[in-house]
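Visitor: Pasting the sequence and the predicted coordinates here, then a few questions.
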Amino acid sequence: MGIKVRRLRWIALIACGALAGIGGGQLTLAGLGTFTQNVTAGRGFIALAAVIFGSWQPFGTLLAVLLFTLVEAIQVRAQALGIHMPYQFLVMAPYAVTILALALFIGRSRPPRALGINE
């Protein structure tokens with residue numbers, strides 16, 4: 001197709017790094033106002049699970065991220081509404097849904113063949 005794979009990979013890597021940096025800055029400065037240890041609380045693993053759950057496709061990953069974000073929003077809302085349940089169960093809900101999603105769809109998602117291959 002005439003696409004230079006090496007150049008496209010570098011462009012994607014630089015764009016990914018820039019977006020991750022902007023997201024990290026927004027999380028620490030706008031969300032909390034300061035940097036603290038473990039500020040992401042393992043959400044990077046949820047992001048990786050979203051890519052796998054989304055079958056390594058952009059639209060599928062978008063749907064997976066929306067699912068995990070919905071669960072996160074529900075647990076925050078449930079805490080605010082005073083649901084009579086230990087808050088630890090509500091806080092672990094996004095992680096439990098992530099594990100459940102990966103357990104149910106394990107083996108159905110195939111990574112790209114060129115993943116991890118350096119040309």
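Guide: All right, it came through fine. Everything quoted here is computed from the prediction, not taken from an experiment.
Visitor: who touches the residue most central in space within the chain in this structure?
Guide: For the chain, Ala47 is the residue whose C-alpha lies nearest the centre (C-alpha atoms, centre = their mean; 1.7 Å). By C-beta atoms under 8 Å, 6 or more residues apart in numbering, the contact list for Ala47 reads Val65. For every residue, glycine as well, the C-beta is placed using N, CA and C.
Visitor: roughly how far is whichever strand or helix holds it from the heart of the chain?
Guide: Following DSSP states H and E, one finds Ala47 within helix 43-53. From the chain centre to the centre of helix 43-53 is a distance of 4 Å (C-alpha atoms, centre = their mean, to the nearest Å).
Visitor: contacting residues around the helix or strand following it?
Guide: Sequence-wise, the next helix or strand beyond helix 43-53 is helix 58-81, with elements assigned using DSSP H and E. Identification of contacts with helix 58-81 by C-beta under 8 Å, 6+ apart yields 46-47, 49-51, 53-54, 85, 87, 90-91, 93-94, 97-98, 101.
Visitor: Which parts of the protein belong to which domain?
Guide: 1-39, 41-111 (automatic domain parsing).
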